[in-house]
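*Asks:* Model the following, please.
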Amino acid sequence: MMKRGIYLSLVFFCISSVFAQRADLSGIKICIDPGHGGNNPANDRHLVPDPGTDFWESESNFQKALLLKGLLEAKGATVLLTRTTNYYPTDAEPSLAARVAFANANNVNWFHSIHSNATGLSSNTSINYTLMLVREEIVPGGSTVYGPGTGKPEWQGAWDISLLMGPRIRDKLRTQRSSQYLDWTFYGGANGGYTLGVLRGLAMPGQLSEGSMHDFYPETRRLMNNNYRKLEAYALRDAFLQYFGVPADTLCIVAGILTNASGALINGAKVRLLPENIVYTGDAYNNGFFMFDGVKAGPHTLSFETPNYETASVPVTLEAGKTLFLDRAFVGGSAVTIRYFTPATRDTIYPVNQTIGISFSAAMETASVRQAFSITPSLTGKFTWYDGFTTFLFKPDQPFQYLTWYTYRIAGTARSKGGGFLDGNGDGTGGDDFAITFKTVAGPVSAEEDGITTSFSLEQNYPNPFNPSTAIRYQLSAISLVTLRIHDVLGREVATLVNEVQAPGYHIARWNGRSDRGEVAASGVYLYQLRAGTIVVTRRMVLLR
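*Replies:* This is a model prediction of the structure:
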């Protein structure tokens, strides 16, 4: 066995020297083995990094093999695959021995098995490296299955090309490191080592690559992207080109990872390559990945145009045959909605001493909110933030004018600390303004109303009994999430008059004697209940028809 390995290693050394003068891979026949197969849980690796996302190692390996096949054939090689589908009937996928026999029967020059790796840990939160494995030479007379090994590769060429493949995969996938081992030694050596079945019995050099760790969820999500898989295929192709002495490809790759300001990965990224005017649209697998390949060397511009994020144009210069990585963080993200606000839409009795209050669905970048806020007629005032920067009060420096219509507006440029822009019209897309128009009262109801109250109270409605409507006055001592609901005597909810964050001071709500669905309430006794923070007060009123 050792003599055959040395002999064929010399043969391939000579071939490699001859191929140094070759223009392409014509005449080279390569067998690619996509590891595992058939989405078969008994012979596959299945992960769910996010609800609704299923990663199968077999599918990832198969797609890598198809991509590598195309890249090698474009350089003149003849490429065979040990399996041509990932959906075999149960137990019908080719065994490891059958894959070896297929390569031998087709008299290929080289064999390569594509895999990804896993740590075996219950949770892999940090490990992601590249591994190359080569069949170890077995001591003559020893078991061809379990060794003992000699500490030397059965095929020197397989070892040599693996030294080219591993670092290239590491650089393309940006894993932590690249390691290379002989299989018998790696799997235990004298303490129980064994050789890889998919390399056992090959009549030609062969090696196995574990490109990255598919149980590291950031990598799992990237491996769902076929363009990311293609980076690994490029790495393997380039190793074959160098080993066989074929000139390197002069076309370039530019790729990267896009995140928002808080570090969350961007789905559906839109990136444009200029001057070619090619657009890349990202996937929805939470990986933030983009990639352009087959790009000519020289100056280019990347235009980042993802909806709901800031735009940017970045000039780059690509070097012949090189891969440029351009990771960027962008302002933008999940749209921010408004949960509560005061005064209410078209309020016509708003007290002049009150503040304007807004509660957002996320913590806000306060400077952007201040810049986006305006009020007409114009007033100066002070912002005060509450609840982890999700809620603010705007207190005018001077009271509102009596009997005056005001409009306050927050432009769609207001954004959250996570980068999401304001969705002011509730259509699910950020960048829309939010505006409310209200009218102040005709004059002060009492002298107290000229100042902010420091007490809490719920007054008796007036008039009472009433028909057709009544007013309910209450005062708050602090900013609160306020609900004011009408119930019948059986406790059933009839109407909700208030459900919003309100500022300290006097407030008035009116009930028109109808339910939230517009139904006319019958004569009788009703309860109105005010909740403000932890305070709950209930009073009775009478509706007469």
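
*Asks:* which residues of the stretch 51-200 of the chain fall in helices?
*Replies:* Secondary structure of the stretch 51-200 of the chain (DSSP state H, counting those that start in this stretch): helices at 57-74, 96-105, 156-173, 183-186.

*Asks:* Run through the residues that contact the residue nearest the centre of the chain.
*Replies:* Central residue of the chain (CA atoms, centre = their mean): Asn286, 2.3 Å from the mean position. Residues near Asn286 by CB atoms under 8 Å, 6 or more residues apart in numbering: 49-50, 53, 221, 265, 267. Where you see a C-beta, it was placed from the backbone N, CA and C, and this is true even at glycine.

*Asks:* next one: Phe240
*Replies:* Taking CB under 8 Å, 6+ apart as the test, what Phe240 contacts is 25, 28, 30, 72, 77, 110, 161, 246.

*Asks:* In strands, which of the contacts of Asn286 appear?
*Replies:* In strands, defined here by DSSP state E, the members of these are 49-50, 53.

*Asks:* Output those residues as CSV; include the columns neighbour count and distance to Ala312.
*Replies:* Putting those into CSV (neighbours: other CB atoms under 10 Å; distance: CB to CB, whole Å) gives the following:
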residue, neighbour count, distance to Ala312
Pro49, 20, 29
Asp50, 14, 27
Thr53, 14, 29
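
*Asks:* Make CSV out of the helices of the stretch 51-200 of the chain and add mean neighbour count and distance to Gly424.
*Replies:* Below are those laid out as CSV (neighbours: other CB atoms under 10 Å; distance: least, CB to CB, whole Å):
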stretch, mean neighbour count, distance to Gly424
helix 57-74, 22, 42
helix 96-105, 18, 59
helix 156-173, 22, 41
helix 183-186, 21, 59
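
*Asks:* Figure out which of those helices is closest to Tyr402.
*Replies:* helix 156-173 (68.2 Å; CB to CB).

*Asks:* Got the phi and psi for Lys417?
*Replies:* Main-chain dihedrals, Lys417, degrees, to the nearest 10: phi -60, psi -20.

*Asks:* Compute the number of surrounding residues for the closest residue to it other than its chain neighbours.
*Replies:* Counting by CB to CB, 6 or more residues apart in numbering, Lys417 lies nearest to Ala363, which is 4.7 Å off, once chain neighbours are set aside. Counted with other CB atoms under 10 Å, residues neighbouring Ala363 total 17.

*Asks:* Same question for Gly76.
*Replies:* Neighbourhood size, Gly76 [other CB under 10 Å]: 14.

*Asks:* For it, list the residues it contacts.
*Replies:* By CB under 8 Å, 6+ apart, the neighbours of Gly76 are 24-28.

*Asks:* and the nearest residue to Ser116 once chain neighbours are set aside, how many neighbours?
*Replies:* For Ser116, ignoring the flanking residues on the chain, the nearest one in space by CB to CB, 6+ apart is His214 at 4.1 Å. If you count neighbours by other CB under 10 Å, His214 ends up with 27.

*Asks:* Which parts of this structure belong to which domain?
*Replies:* Domain assignment for the chain by automatic domain parsing gives 2-243, 252-330, 334-451, 452-545.

*Asks:* Surely the residue nearest to the centre of the chain forms part of a helix?
*Replies:* No: read with DSSP: H, G, I helix; E, B strand; the rest coil, Asn286 is coil and lies in no helix.

*Asks:* What separation do you get for it and Pro218?
*Replies:* From Asn286 across to Pro218, the span is 9 Å (CB to CB, to the nearest Å).

*Asks:* Please spell out the segments of the chain that come in under the pLDDT threshold.
*Replies:* Applying pLDDT under 70 to the chain flags residues 1-20, 38-42, 90-91, 141-147, 444-454.

*Asks:* Can you say which of the contacts of Phe240 are buried?
*Replies:* Buried members of the contacts of Phe240, scored by 16 or more other CB atoms under 10 Å, are 25, 28, 30, 72, 77, 110, 161, 246.

*Asks:* hang on, the earlier thing: ranking the domains of the chain by burial, who's on top?
*Replies:* Ranked by mean neighbour count, those are led by domain 2-243 with a mean of 19 (mean count of other CB atoms under 10 Å).

*Asks:* For stretch 93-110, which outside residues touch it?
*Replies:* Residues outside stretch 93-110 that contact it (CB under 8 Å, 6+ apart) are 28-31, 33, 37-38, 40, 43, 80, 82-83, 111, 113, 161, 197-206, 240.
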